[in-house]
Every structure is written in structure tokens, then in C-alpha cells.
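Participant: One predicted model, sequence on top.
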Amino acid sequence: MDFTAGLIAIGAGIAALSCIGGGIGTGNATAKAVESVSRQPESTNDIIKVLVIGGALSEATAIYGFLIGILLVLKVVI
């Protein structure tokens, strides 16, 4: 039981790393969007639309990893 709990805890930690990836991805996308808007202000609306869609997908990945981590931790507790 202890070995299984240890492996589940390691898996939960690895799943939580997806939150770091989501934050880095959203930050990079925002930086590139700001750079694009400064170069071509007339296409601001198109750039913002793409930024919002990309940010939503990036954050969804982070949320899925977070939920998997929580489910694994609850598996250890129960």
C-alpha cells in the first residue's frame, strides 16, 4: 500500500507540472500578441481573437493536469 501511495504521489506531482507549462505557454502567447499588435495595429481584433482561443486551449491543458493531480491525491486519501 505504501509503495502504491508513493507512486500515486509522484504521478500527482508530474500531473501538476502541466500547470507550469500552461502558464509559460500563455505568457509566451501574450508576449507575441503584444509584439504583433505593436507592429500591425490595424489587425488588433484578429490577433486578440487568436490569442483568446490559444490561451483558452493552453489553460484547459493546465486545468486537466491539475484535476488529474487532485484525483490522484484523493485516491491516496480514500
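Facilitator: Cool, the structure landed.
Participant: and Gly54, how many neighbours does it have?
Facilitator: Gly54 sits with 17 neighbouring residues when counted by other C-beta atoms under 10 Å. Where C-beta positions appear, they are placed from N, C-alpha and C, glycine not excepted.
Participant: longest helix of the chain?
Facilitator: Scanning the chain for the longest helix, with DSSP state H as the assignment, gives helix 2-39.
Participant: so what secondary structure elements neighbour that helix?
Facilitator: The contact analysis (3 or more C-beta pairs under 8 Å, 6 or more residues apart in numbering; DSSP states H and E) places helix 2-39 against helix 44-77.
Participant: low pLDDT regions in the chain?
Facilitator: For the chain, applying pLDDT under 70 flags the ranges 77-78.
Participant: For Val40, grab phi and psi.
Facilitator: Heads up, residue 40 is Gln, not Val. phi -130, psi 80 (degrees, to the nearest 10).
Participant: can you pull the contacts of it?
Facilitator: Contacts here follow C-beta atoms under 8 Å, 6 or more residues apart in numbering; on that basis Gln40 touches Ile47.
Participant: still on that earlier bit, let me know the angle separating the longest helix of the chain from helix 44-77.
Facilitator: Here helix 2-39 points in a direction 170 degrees away from that of helix 44-77 (axes from the mean of the first three to the mean of the last three C-alpha atoms, to 10 degrees).
Participant: In helix 2-39, which residues are buried?
Facilitator: 8, 12, 15-16, 18-19, 22, 25-26, 29, 33, 36-37 (16 or more other C-beta atoms under 10 Å).
Participant: any idea which of these is closest to Ile53?
Facilitator: Ala29 (10.0 Å; C-beta to C-beta).
Participant: give the contact list for the closest one.
Facilitator: Ala29 neighbours (C-beta under 8 Å, 6+ apart): 51, 54-55, 58.
Participant: how close does it sit to Gly22?
Facilitator: Using C-beta to C-beta, to the nearest Å, one gets 11 Å for the distance from Ala29 to Gly22.
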